[in-house]
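J.: Give me the fold of what follows.
(chains A, B, C, D, E and F)
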Number of protein chains: 6
Amino acid sequence: MQKIVTFGEIMLRLAPPGFQRFSQARAFEATFGGGEANVAVSLANYGETVEFVTRLPNNDLGDACLAVLRSHGLITSHIARGGERLGIYFLETGAAQRASKVIYDRAGSSFASLQTGCFDWKSIFAGADWFHWTGITPAVSQGAADACREAILAAREMGVTVSCDLNYRAKLWKWGKPAGEVMSELVGLCDLALGNEEDAEKVFGIKAPDADVTAGKVETAAYRYVCEALAKRFPCLKTVAITLRGSYSASHNTWSGVLWSNG
Amino acid sequence: MQKIVTFGEIMLRLAPPGFQRFSQARAFEATFGGGEANVAVSLANYGETVEFVTRLPNNDLGDACLAVLRSHGLITSHIARGGERLGIYFLETGAAQRASKVIYDRAGSSFASLQTGCFDWKSIFAGADWFHWTGITPAVSQGAADACREAILAAREMGVTVSCDLNYRAKLWKWGKPAGEVMSELVGLCDLALGNEEDAEKVFGIKAPDADVTAGKVETAAYRYVCEALAKRFPCLKTVAITLRGSYSASHNTWSGVLWSNG
Amino acid sequence: MQKIVTFGEIMLRLAPPGFQRFSQARAFEATFGGGEANVAVSLANYGETVEFVTRLPNNDLGDACLAVLRSHGLITSHIARGGERLGIYFLETGAAQRASKVIYDRAGSSFASLQTGCFDWKSIFAGADWFHWTGITPAVSQGAADACREAILAAREMGVTVSCDLNYRAKLWKWGKPAGEVMSELVGLCDLALGNEEDAEKVFGIKAPDADVTAGKVETAAYRYVCEALAKRFPCLKTVAITLRGSYSASHNTWSGVLWSNG
Amino acid sequence: MQKIVTFGEIMLRLAPPGFQRFSQARAFEATFGGGEANVAVSLANYGETVEFVTRLPNNDLGDACLAVLRSHGLITSHIARGGERLGIYFLETGAAQRASKVIYDRAGSSFASLQTGCFDWKSIFAGADWFHWTGITPAVSQGAADACREAILAAREMGVTVSCDLNYRAKLWKWGKPAGEVMSELVGLCDLALGNEEDAEKVFGIKAPDADVTAGKVETAAYRYVCEALAKRFPCLKTVAITLRGSYSASHNTWSGVLWSNG
Amino acid sequence: MQKIVTFGEIMLRLAPPGFQRFSQARAFEATFGGGEANVAVSLANYGETVEFVTRLPNNDLGDACLAVLRSHGLITSHIARGGERLGIYFLETGAAQRASKVIYDRAGSSFASLQTGCFDWKSIFAGADWFHWTGITPAVSQGAADACREAILAAREMGVTVSCDLNYRAKLWKWGKPAGEVMSELVGLCDLALGNEEDAEKVFGIKAPDADVTAGKVETAAYRYVCEALAKRFPCLKTVAITLRGSYSASHNTWSGVLWSNG
Amino acid sequence: MQKIVTFGEIMLRLAPPGFQRFSQARAFEATFGGGEANVAVSLANYGETVEFVTRLPNNDLGDACLAVLRSHGLITSHIARGGERLGIYFLETGAAQRASKVIYDRAGSSFASLQTGCFDWKSIFAGADWFHWTGITPAVSQGAADACREAILAAREMGVTVSCDLNYRAKLWKWGKPAGEVMSELVGLCDLALGNEEDAEKVFGIKAPDADVTAGKVETAAYRYVCEALAKRFPCLKTVAITLRGSYSASHNTWSGVLWSNG
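T.: Numbering: from 1, shown residues only, chains lettered A, B, ... in the order given. Next up is the predicted model:
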């Protein structure tokens, strides 16, 4: 790769230390997290040249977030500054039978209030060969959805490969248009889609016959069905990846994946 | 006193440990604070029976705040639950020449979105003989200002003494009506007002001739002037108190006060 | 339930952080614990109205304990203050093959030195429908045993259901009378008894034929035997519950239970 | 010096971190402290050979205390093990106008319950040339006072110089005999006494005319008066030292001293 | 045992707290560790009289290390002071599939620069009946190897039993002579050798036919072969012990051992 | 400024938390520090474009240091990787009368072992207009001194302004040539020199008549004398700056400065 670009919201993550409950916490460990930033940092750790694009408030919390992104070696030169606040999520880590808890406090964030025209995508994609986004971005607000579409179109025009992690979050889609409608247009412009069976069913109504999405064990045939159905619906998709997380307890999970290639 | 009631917003306070800058923080110490809650806790520490009234979100952070209020022995039975989020402020503690910094993140809080009718003031003031509020509450939103007026009127009707800390914060007054107009009506219903010379000047335009409010040293005659002018404007005021903070450095302050009594 | 009352000693618990040994500790995490207080807090977390009755020293440690009880929403208005000291126990958390260690330092505590007449049980049980105590309380001292009997009699007289966790601790019973004699009188006044097979055997000499109480696996018939024998000895018992903890390592336990109902 | 011996109680000191109040503490920093142990460690830090003699409980807390004493290079081979518990004191560090607070929880300690015959003073003083004790030891209990007298007599018999820090603590002297009576006998066997004007006045009724012991500033003549009066009362005293602590705030003290030598 | 002596390097161990990566660490937990010191402390914990011999720099870090050794009750009176620095190793604790990482920074340490004649072995072995060393010591430097040989010869001459943990570390042997040559001479002077199959193979070329040393499961016959081959090569060996660590993950290991006795 | 370049060693700084002594520390706070890196970060905080050039070991500690430099927004693209270890210094923070202590452990560091030809100075100074170095760099080793000279010559050739902080450390100059000889050549190539009176005296033997360098208060005439003498010795110097630190206690210092301009 020459350069990989990811785009999305990054939030302040506040978590009680260890396995403390929210009700016991006298302090929160502060880190920054977001699906697209996480992908950017992982790729940088593997030695890739990666640029992360987002919008941060013009205050000390935005500066602190920027410093962390830079520490990981990401290119941060097109990160926009402005808006009212940094989105926050509070995380209580689960243990054994007690599940983790998340309290989102991201309404009105700098990222949610961005508009098209905020980023110079031509500059951003100069020298890039891959662009990655997730379904969280268009879910956040109309402005974010519009900026995401703008980015995808610019990437395609410049010959940059586009990948999408469907990442459906029902609670986020509140700004008006349904997820299915917005995502259909955007995924229809991508080369690779990544998700799980729930994403495919909830966003696009694609479900393998007889598959039980909560069981965590789906047969190979069912996966093939989902991948092929996605590729049929969105002919530009050359690759579909499905991730599967099995959850035994709050601290014991298994991971596996399926890769379908139209070749 | 039989029972003292205070009413106002309480927020999550997040502060880097020690004298760390925001840019260095990997954790925030979490406490809860607000002018009216602070007064309530102090009075309870002196052995008074105190009820604190506010509105908290119906989530674990609201629960945690409630537990802290209860731990101080406050009556919390009329605290309303609802709304979107707990207001937050981030505090970086100053040192020597470096001043403390505060980042407010309180927009859209559960308290800011409250409405009249939210609290049963008749029940709250039953058995109470003092009600205390501050100028922050009507500054937060129209709903909060209306609820504050509702509380003051109920208190007066039930013969409860009403005190007000003017506490002017220019940055907060954004919901439409000017501070002077709103506060004039509310302070006009109080028995005691408390503030500093800046409050009197910025909210009511009352300024002692030749007083320099930033110098931190004002003559006795000037204080008398301000107190008498307040009492003239608001005839119901029987007592006026002025607090004076002298600031030598971020960690060296002096406190003094003036009490004017109309009697 | 209208109101549940629990009564017993609460101690300061001092534990080295994480898995540190006592010999490595430079700090102790400080919490407060006791079987009856734990039950009270759990019930309050489930939404019940719960009052906890105990005796605390009239110093800052007693105040700190009281604040924690209040933070959990317990009614604390009948907690007595007085005596010499707060009981303490030091806990070193075990790991793998290394068992946890406890050092008790509870002699001469405020609770151990209480007397009958210390609590106004009529007020306490007004509006209550359940009273819970454990076998630790009468073990602590003659005064505590007498106060416990006083409480049970008052509860019965007022029609309050009484439950007892047998909780036999051989090391505690030092004040003169044998556990069996004291407990027989008290359990004979209860509606529900709760314990494990060891409690039944050590306190009352009730043992299922051929049961090996250390194996952690006892047959259904043996449990039935113990429950029926307890109910025969104490005809007022309408319900008997047996808890069973299996211990695989210091950090791996299993829990199960048996409920026997005389209906 | 060949070897210096000090003898006294050492306790577990539990202090909230930083300037936290007892009511805020969720953890206590754990160290071990006692006047005689502190002197021993300081002398060892100056390179002296020092033995510390005390009695510790035979549990993990006693072991932990012993390990700390050994880490400072003290000889610990005559420390007795036994008794019920390690004495504890809780310390809340003051700040500015707020004074430090101490809660003593030392009743029934291993040291308080020691008896004469517990230590082999002949072995202990073999090769020693100085023995130091303080007025806290005979205050703790009759047994401790007796053991202290036993030690002083053994030291004198073996030609070991004996020094005493008067260190009067009114709250401790509860076991029967008055401080003045006990201390008079013991100080009468010493070569050097050390204290402040309050000690001299409260224990022996020696007070310079017109000296105000709370002012922190006493004239040279007054000090001379106190020293000479002590030396007159106890002719064996060849040296008297007076320490003076001036207290400006909880964190600002001054120290000075006076040395009077009968030579 | 009357007294056990161990001899080797002890280093400052710096480890990020918990499972933090080096890249995340803002602090290091500081302890001191080394194979021979660890053995000494364990034996002291079992109640043995143990002396530990090493060389520490004459600075505060050396003092701190010495204090820790003393706290465990070790005899430290022959520890030499001098040289340039305390060796350091940084440890990142692994988790699940991620292995632990160690960064050694021990070049030029006080121990590595020691010479023969540095220790008075006659005094050290007076009253001793066992001497233990490991293969790390002669690997560190020629001076350390020479001092180790000097110690072993002195021990043998005084009738002290000598044991050796082979503990082969390929990365350390850099000072010139090959491990096999040096170790052959030294092990040939011992009564007991301890190691694993890899040590035997890498240092002495002794390998059981068909044994796969990485599999962690070797048959009894193979162990016997290794033990007998070692005893044949070094006739002074009366006992050979083999330890076996099975590694399931970074935090899940199993331990077992084989003892072969020439009796 | 277009771009400022600084060059020097950066070390791992390990400091016990708060005011703990080395002998009390169970953990060290880990940061990275060096005079030239500190200047670089400060300038970046003021908004300048700054590149920092150094050499770091190719291990996780080097990576961690690099991440911190990047987090401050420095250009780090010419930092060389290689050598044996990261230099370390241990810092015990003083308090009141107790001075801070530093233990240097920097021998054999990656920076100390660098050679000329290690850096591509033409690339580094492209687009730069200022180069800053300090007297620590040539003191570390001959290789570092040679690289420093190489850098200064390249800067001059490219028209880049060169500044030097004299920063004399007697303990460091051990590699052969005397400080005065090496520094004379290098300062003779600079536009600006910065230092205190001790630097001028110890390195160049320049001392104002009757100035007492330890008093911390030197007259204006003396400063002028030192500045003019430096400018006379090194005619290329257009500006000389003198810094003055007054030290009242370990935690109370004053700073002032003198700027002399040859214009």
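J.: Next, count neighbours for whichever residue of the stretch 51-200 of chain A sits closest to chain D.
T.: Nearest residue of the stretch 51-200 of chain A to chain D: A:Glu92, at 17.5 Å (Cβ to the nearest Cβ). Where C-beta positions appear, they are placed from N, C-alpha and C, glycine not excepted. For A:Glu92, the count of nearby residues is 21 (other Cβ atoms under 10 Å in any protein chain shown).
J.: what do you get for A:Thr116?
T.: The local packing of A:Thr116 (other Cβ under 10 Å) involves 16 other residues.
J.: Just read off the phi/psi values of it.
T.: phi -60, psi 150 (degrees, to the nearest 10).
J.: Please list all residues in contact with it.
T.: A:Gly143, A:Asp146, A:Ala147, A:Glu150 (Cβ atoms under 8 Å, 6 or more residues apart in numbering or on different chains).
J.: what sits against the nearest residue to the residue of the stretch 51-200 of chain A closest to chain D once chain neighbours are set aside?
T.: Leaving aside its sequence neighbours, A:Glu92 sits nearest to A:Lys101 (Cβ to Cβ, 6 or more residues apart in numbering or on different chains; 4.2 Å). Taking Cβ under 8 Å, 6+ apart, we find A:Lys101 in contact with A:Phe22, A:Leu91, A:Glu92, A:Gly94, B:Asp60.
J.: so A:Met183 makes contact with A:Leu166?
T.: Yes - with contact defined as Cβ atoms under 8 Å, A:Met183 counts as touching A:Leu166 (7.1 Å).
J.: burial measure for the residue of the stretch 101-250 of chain A found nearest chain B, as a count.
T.: Closest contact between the stretch 101-250 of chain A and chain B, by Cβ to the nearest Cβ, is at A:Asp105 (5.2 Å). The number of residues packed near A:Asp105 is 24, by other Cβ under 10 Å.
J.: State the distance from the nearest residue to it once chain neighbours are set aside to A:Cys148.
T.: Closest residue in space to A:Asp105, ignoring its immediate chain neighbours: A:Ile88 at 4.4 Å, by Cβ to Cβ, 6+ apart. According to Cβ to Cβ, to the nearest Å, A:Ile88 and A:Cys148 sit 22 Å apart.
J.: what is the mean pLDDT for the host helix or strand of A:Thr137?
T.: Element membership of A:Thr137, judged by DSSP states H and E, is helix A:136-140. If you average the pLDDT over helix A:136-140, you get 97.
J.: and that helix, how far from the chain's centre?
T.: 8 Å (Cα atoms, centre = their mean, to the nearest Å).
J.: Show me what counts as buried in whatever helix or strand comes next after it.
T.: Moving toward the C-terminus from helix A:136-140, the next helix or strand (DSSP H and E) is helix A:142-157. Going by neighbour count (16 or more other Cβ atoms under 10 Å in any protein chain shown), the buried part of helix A:142-157 is A:143-152, A:154-156.
J.: Check which residues of stretch A:117-130 are buried.
T.: Buried residues in stretch A:117-130, defined by neighbour count with 16+ other Cβ under 10 Å: A:Cys118, A:Phe119, A:Trp121, A:Ile124, A:Phe125, A:Ala128, A:Trp130.
J.: near chain D, which residues of the stretch 1-150 of chain A show up?
T.: When proximity is defined as Cβ under 8 Å from any Cβ of the partner chain, the stretch 1-150 of chain A approaches chain D at A:Arg26.
J.: where do the strands sit along the stretch 1-150 of chain A?
T.: A:4-7, A:11-15, A:27-33, A:50-53, A:55-56, A:80-81, A:88-92, A:101-105, A:130-134 (DSSP state E, counting those that start in this stretch).
J.: Tabulate the ones you listed (CSV), appending distance to E:Glu9.
T.: Output for those, formatted as CSV (distance: least, Cβ to Cβ, whole Å):
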stretch, distance to E:Glu9
strand A:4-7, 46
strand A:11-15, 40
strand A:27-33, 36
strand A:50-53, 43
strand A:55-56, 49
strand A:80-81, 53
strand A:88-92, 43
strand A:101-105, 48
strand A:130-134, 50
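J.: The buried residues of stretch A:117-130: which two are farthest apart?
T.: Greatest spacing in those, by Cβ to Cβ: A:Cys118 and A:Trp130 (21.4 Å).
J.: Surely A:Ile136 and A:Thr6 touch.
T.: No - contact criterion Cβ under 8 Å: A:Ile136 and A:Thr6 do not qualify, at 11.7 Å.
J.: Now for these two: what residues contact both?
T.: Any residue near both A:Ile136 and A:Thr6 by Cβ under 8 Å, 6+ apart counts here, and that gives A:Glu36.
J.: re the thing from before, pick out the lowest-pLDDT one from the contacts of A:Lys101.
T.: A:Gly94 (93).
J.: what number of residues lie near that residue?
T.: 14.
J.: For the residue lying closest to it once chain neighbours are set aside, which residues are in contact?
T.: In this structure, A:Gly94 finds its nearest non-sequential neighbour in A:Ala250, 3.0 Å apart by Cβ to Cβ, 6+ apart. Residues near A:Ala250 by Cβ under 8 Å, 6+ apart: A:Thr93, A:Gly94, A:Ala95, A:Ala96, A:Gln97, A:Arg98, A:Ala99, A:Ser100.
J.: Pull out the buried members of those.
T.: Members of these classed as buried by 16+ other Cβ under 10 Å are A:Thr93.
J.: Save the contacts of A:Ala250 as a markdown table, and put in distance to F:Cys190 too.
T.: Shown next, in a markdown table, are these (distance: Cβ to Cβ, whole Å):
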| residue | distance to F:Cys190 |
| --- | --- |
| A:Thr93 | 55 |
| A:Gly94 | 61 |
| A:Ala95 | 61 |
| A:Ala96 | 65 |
| A:Gln97 | 68 |
| A:Arg98 | 64 |
| A:Ala99 | 64 |
| A:Ser100 | 58 |
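J.: how about the contacts of A:Ala250, which pair is most distant?
T.: A:Thr93 and A:Gln97 (13.6 Å).
J.: what about the nearest residue to A:Gly62 once chain neighbours are set aside, distance to chain F?
T.: Residue nearest to A:Gly62 in three dimensions, not counting chain neighbours: A:Leu56, with 3.6 Å by Cβ to Cβ, 6+ apart. Using Cβ to the nearest Cβ, to the nearest Å, A:Leu56 is found at 14 Å from chain F.
J.: For beta bridges, what are the partners of A:Leu56?
T.: Beta-bridge pairing of A:Leu56, defined through DSSP bridges, involves A:Arg81.
J.: Run through the residues that contact it.
T.: Contacts for A:Leu56 (Cβ under 8 Å, 6+ apart) come out as A:Ile10, A:Gly62, A:Cys65, A:Leu66, A:Ile79, A:Ala80, A:Arg81, A:Gly83, A:Leu86, A:Ser110, A:Phe111.
J.: Could you check how far it is from F:Asn45?
T.: A:Leu56 sits 17 Å away from F:Asn45, going by Cβ to Cβ.
J.: Closest one to A:Gly257 out of the buried residues of stretch A:117-130, please.
T.: Using Cβ to Cβ, these come closest to A:Gly257 at A:Trp130, 18.8 Å.
J.: Tell me who's in contact with A:Met11.
T.: By Cβ under 8 Å, 6+ apart, A:Met11 lies in contact with A:Phe32, A:Gly33, A:Gly34, A:Leu86, A:Gly87, A:Ile88, A:Tyr89, A:Arg106, A:Ser109.
J.: One more pass at 10 Å, please.
T.: Contact partners of A:Met11, counting by Cβ atoms under 10 Å, 6 or more residues apart in numbering or on different chains, are A:31-34, A:37, A:54, A:65, A:86-89, A:104-106, A:109, A:111.
J.: Just the pLDDT for it.
T.: 98.
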